[in-house]
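A.B. asks: Okay, sequence plus prediction incoming.
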Amino acid sequence: MINLENRKFTDTPRHGVQVEWIPYLDEVAQEFGVRVDLWSLLFNDPKLWARLYFGPSLPYQYRLTGPHAKSNARQIILEAKDRMEKPLRVKRSLRLGKDMVSTNEKYWKHNVFYTFFWGVIAVLVMDIFFLYSP
């Protein structure tokens, strides 16, 4: 029988100690007494439970309970998606009153068209080359 646990990591001296990241963090958090009890969160705070269970692993989850707990950790976890998306949002120009990226939008469409066009040409040329090569 194949041991699937050993197939996750390369077995070489160079890669000596490798662990799964999230179970390792949960084990260390258990030792320090800061691990979040997801069962109690499921019934007491379902919105926070959903963010912790289905969302990314955030360091603030270890500040919810235990020593050195922060009062705003819950708010930071719930706003994590907004914090990630904020730099990616379209900026408004105060002078022009329109999107600053609107000028780049036509170039994006232009580049997509030409990329597709030249891709089709390249496929046709390669097809013809391979069809008529001896």
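C.D. replies: Happy to help now that I have it.
A.B. asks: Longest helix in the protein, by number of residues?
C.D. replies: Identified as the longest helix of the chain according to DSSP state H is helix 102-131.
A.B. asks: Return the distance of it from the chain's centre.
C.D. replies: 30 Å (Cα atoms, centre = their mean, to the nearest Å).
A.B. asks: what about the helices in this protein?
C.D. replies: Along the chain, counting by DSSP H, helices occupy 21-32, 38-44, 46-54, 73-78, 80-85, 102-131.
A.B. asks: Looking at the second one now, give me its mean pLDDT.
C.D. replies: This points to helix 38-44. Throughout helix 38-44, pLDDT has a mean value of 91.
A.B. asks: before we move on, what about the fifth one?
C.D. replies: Along helix 80-85, the predicted confidence averages to a pLDDT of 84.
A.B. asks: helices or strands up against it?
C.D. replies: If contacts are counted by 3 or more Cβ pairs under 8 Å, 6 or more residues apart in numbering; DSSP states H and E, helix 80-85 sits against no helix or strand. Any C-beta I mention is one placed from the backbone N, CA and C, and that applies to glycine too.
A.B. asks: any idea how far that helix is from the chain center?
C.D. replies: Chain-centre distance of helix 80-85: 11 Å, with Cα atoms, centre = their mean.
A.B. asks: mind saving the C-alpha coords of it as PDB?
C.D. replies: Taking Å, rounded to 0.1, in the frame of the first residue of the first chain, the C-alpha atoms of helix 80-85 are listed here in PDB:
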ATOM      1  CA  ALA A  80     -10.300  41.200   5.400                       C
ATOM      2  CA  LYS A  81     -11.900  40.800   2.000                       C
ATOM      3  CA  ASP A  82     -12.600  44.600   1.700                       C
ATOM      4  CA  ARG A  83      -9.000  45.300   2.800                       C
ATOM      5  CA  MET A  84      -7.700  43.000   0.100                       C
ATOM      6  CA  GLU A  85     -10.000  44.400  -2.700                       C
END
